[in-house]
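Enquirer: Fold the following and give me the result.
(chains A and B)
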Amino acid sequence: MKPHWSLLTACGLAALALAGCGPRRPTLHIYTWADYIKPELLEAFERENRCRVVIDTFDSNEAMYAKIKAGATGYDLLMPSSYMVKLLRDQNLIQPLRREWLNNLAHVDPDYLKKAMDPAMEYSVPYMITNTGIAWLSDRIENVEPSWAVFGRADLKGRMTMLNDMRETLGAALKFLGHSLNTRDERELAAARDVVIGWKRNLAKFENEQYKTGLASGEFLLVHGYSGDILQAREENDRIVFAVPREGTSISCDDLVIPATARQVELAHRFIDFLLRPEVAAENSDFIGYLAPNKDAYPLMSEKLRNDPAVFLPPEIAERSEIIGDVGDALSLYTRMWDEIKAAE
Amino acid sequence: MKRSRLPALTTLLLLVFFYLPIAVLIVNSFNASRFGGAWEGFTLDWYARLFRERSVWLAVRNTALIAVGATLASVILGTLAAFALHRFDTRLQRAHYLLMYAPLVVPDLLMGISLLLFFVAAGFRLGLFTVFLAHTTFCISYVAMVVLARLQDFDESLLEAARDLGADAWTATRRVLLPLLAPGIAAGGLLAFTLSIDDFVITFFVSGPGSTTLPVRIYSMIKHSRHLPMINALSAILMIVTFGAAWASRRIGERNAA
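Expert: Next up, the predicted model:
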C-alpha cells in the first residue's frame, strides 16, 4: 500500500504546484448587501474580463462605515445608501470616479439625477432605488385613499403602524402638508409634529422590522413601510396592496462608490460600467425587484416590474417625491420634534 | 410508593424547549412560505437555490477553515496554558490567569473593535488569517479553563506511580496524563469549535475581502435578502452533519474503550 500513498501525495503536490503557477487572475472585491446582484451577471462579468469577483456582505450602512473608518482595506467597490456616501466623501474615504473609464453614464435617468445628492456623479453612480409608501390588506379594509391622510382614520385605530424613523415619519407628515421633507423651517416642522401626534393616536406602534410579518399575518391592517420590504411581504400574501401616497414620498438610493484604498480601481470602474449597460441593469432589476435608475433599461424590464407602483413611481408622484437629504443644523429641530412626538400621549 | 412524575415531566419539557425550535427550522426549510408563519406547501426549492448560491458556499468554506484552524491552534495553546497555570503558583501565573480569564468577560464588541484597530495599526491585511488569529485568541481562554478544571481533579499520584514503574517524563505524560485529560481537551476543543462557528461580532470587524463567514452572511441576508429560507435549508444540513459527527465520535470512543 505504501507506494500508492506516496504516489497520491506526489500527484497532489504536482497539482498544487501547477495551480499556483497559472497566470493569476485579478480579483474584484465588492462589499455590499446580501443578494444584491444577480449571480449570472457576475459570472458574465468574470468571463468577459478574465477576473474573479468576490462578494462580502454587511447588514447596515453604519456597520460598514465603522469598519471602513477604522481602516479596513481591500475592498474595491461599496454599495452604501446616498446619505452614507456623503459621510464617506466628507471623510475622504472614497475616491472621485474617472469619467473617461465610464462610457455608459449617459444611460442614467436624468430625472433621478436632478434629485440625487451627487447629480454630477463625481463620486457615486446610483445603483438601485427604493421608496416608502403605504401597504394594506385588501380583503380586510376597503376604500383606502392613496394618501398620507389614511393614518387619520379612527376606524383602523390600533391596527396601523408607521416607521420608527424620524426622517421618514416626519417626512410623511411634511409631504401631507405640502412641504419639502428636507425643510429647515421651524413652523413647518411644528405643524408636521402636530399632524404626527394626531396620527399616533390611531397607531399600534412605530415599527421598523416586524411590520412585514405583522401585515402578512393580518396583525396589522395598514402599514407605512419600505417598498423592498413590502415586496417581500407581498410574495407571501397576495392580498397586500401597495401604494405611494399622492402627496409624494421619500426615495432612497444605494450608490456605487470606490473606496480610497481600492487596489483594482480600473476593474471597479469596468464593473460600474457593466452594471450601467441597459440590458444588464434591466436583468438585475428584474432579479432584485428594485429599480435601477437607468432610462434605457426601463423598456427592457419585465411587464410585471414596470406596472408595479412599488417599483415604478407614476411620473406625477415621482415629481413630488424627494430624497432624504442633509438638513444641516436643522437636524436638532427634527430630533426635538421627534422627541415631542414620542413623549406625546 | 409511587415515583414522582415530576422529573420525567421536567426532562420532557426541557427536551421540547431545546429541540422544538430546531424541528421547526427543519420543517420550515421545506415550507414554500418565506416567513414561516404558515404552512404553504412542501417544496425543495430552497435546497435547490442553496446549491446554486456560490457566495453562501464560499462563506461555508471560510467558516469551516477558520473553525478547524482556530480549534487546533487553541487546543494546543490552551492546554499548554492550563498546564502552566496548574503547575506553578507564582505571581506571574496569577497575572497569567487573569489575562486568560479576561477574554471570557470582555464584551465582543470591544474585542472586535480593538482587534481591528490593532490589525490595521500593525499593517496586517484583513482576511482569513486575521479572523483565524482573532478566533484563536478568544478560544484559547475557553480551552484553558475547561482543561484546567479537569487538571484540578487529576490525581498526581498516578503520574508518580508511572514514574516509579520506570516511565520517563515523556512516556508518563503521553501514556497517563494525556489519555486522562483527553475528555477535557476534547470538550474544550468542541467548545472552541462551536464558538468559532457562530461568532458574529468579532468576525464582522476583523474579516477582510473574501473572508465573509456564515454568520456575517446570514445577518446581511436577514436584513436584505428575499431568499432567507435558504438559510433554513443550510441549517438543516448543518444540523444533520453535526449530529452525524457527534454520533461518529461516540462510536469511535466506544470502540477505543472496548
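
Enquirer: Return the residues of the stretch 1-150 of chain A in contact with chain B.
Expert: Neighbours of chain B within the stretch 1-150 of chain A, by CB under 8 Å from any CB of the partner chain: A:27, A:29, A:31, A:33-36, A:39, A:54-60, A:63, A:66-67, A:70-76. Every C-beta, even on glycine, is put in place using the N, C-alpha and C of the backbone.

Enquirer: if you set the cut-off to 6 Å instead, what comes out?
Expert: A:29, A:33-35, A:54-57, A:59, A:70-72, A:74-75 (CB under 6 Å from any CB of the partner chain).

Enquirer: Between all of those, which two are separated the most?
Expert: The span of those, defined through CB to CB, is set by A:35 and A:71 at 27.7 Å.

Enquirer: These two: which is more packed in?
Expert: Neighbour count, other CB atoms under 10 Å in any protein chain shown: between residue A:35 and residue A:71, residue A:35 has more, with 22 against 14.

Enquirer: all strands of the stretch 201-345 of chain A, in order?
Expert: Applying DSSP state E, counting those that start in this stretch to the stretch 201-345 of chain A gives strands spanning A:203-206, A:222-226, A:240-243, A:250-256, A:322-323.

Enquirer: Mean neighbour count, these: which tops it?
Expert: A comparison of those by mean neighbour count, using mean count of other CB atoms under 10 Å in any protein chain shown, puts strand A:222-226 on top with a mean of 25.

Enquirer: What's the mean pLDDT across that one?
Expert: Across strand A:222-226, pLDDT averages out at 92.

Enquirer: With distance to residue B:179 added, can I get the strands of the stretch 201-345 of chain A in a markdown table?
Expert: Rendered in a markdown table, the data for the strands of the stretch 201-345 of chain A read as follows (distance: least, CB to CB, whole Å):
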| stretch | distance to residue B:179 |
| --- | --- |
| strand A:203-206 | 59 |
| strand A:222-226 | 59 |
| strand A:240-243 | 63 |
| strand A:250-256 | 57 |
| strand A:322-323 | 68 |
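
Enquirer: out of those strands, nearest to residue A:180?
Expert: Judging the strands of the stretch 201-345 of chain A by CB to CB, what sits closest to residue A:180 is strand A:322-323, at 6.3 Å.

Enquirer: Quickly run through the sheet partners of the closest one, with directions.
Expert: Here strand A:322-323 is paired, per DSSP bridges, with strand A:250-256 (parallel).

Enquirer: From the rest of the structure, what touches the strand it pairs with?
Expert: For strand A:250-256, the external contacting residues (CB atoms under 6 Å, 6 or more residues apart in numbering or on different chains) are A:79, A:81-82, A:85, A:124-132, A:171, A:181, A:272, A:321, A:323-324.

Enquirer: rerun that using 7 Å as the cut-off
Expert: A:77, A:79-82, A:85, A:115, A:124-132, A:168, A:171, A:181, A:272, A:275, A:321-324 (CB atoms under 7 Å, 6 or more residues apart in numbering or on different chains).

Enquirer: Which one of the strands of the stretch 201-345 of chain A lies nearest to residue B:195?
Expert: Nearest of the strands of the stretch 201-345 of chain A (CB to CB): strand A:250-256, 33.5 Å.

Enquirer: now the closest one against strand A:222-226, angle please.
Expert: Put simply, strand A:250-256 runs at 30 degrees to strand A:222-226, going by axes from the mean of the first three to the mean of the last three CA atoms, to 10 degrees.
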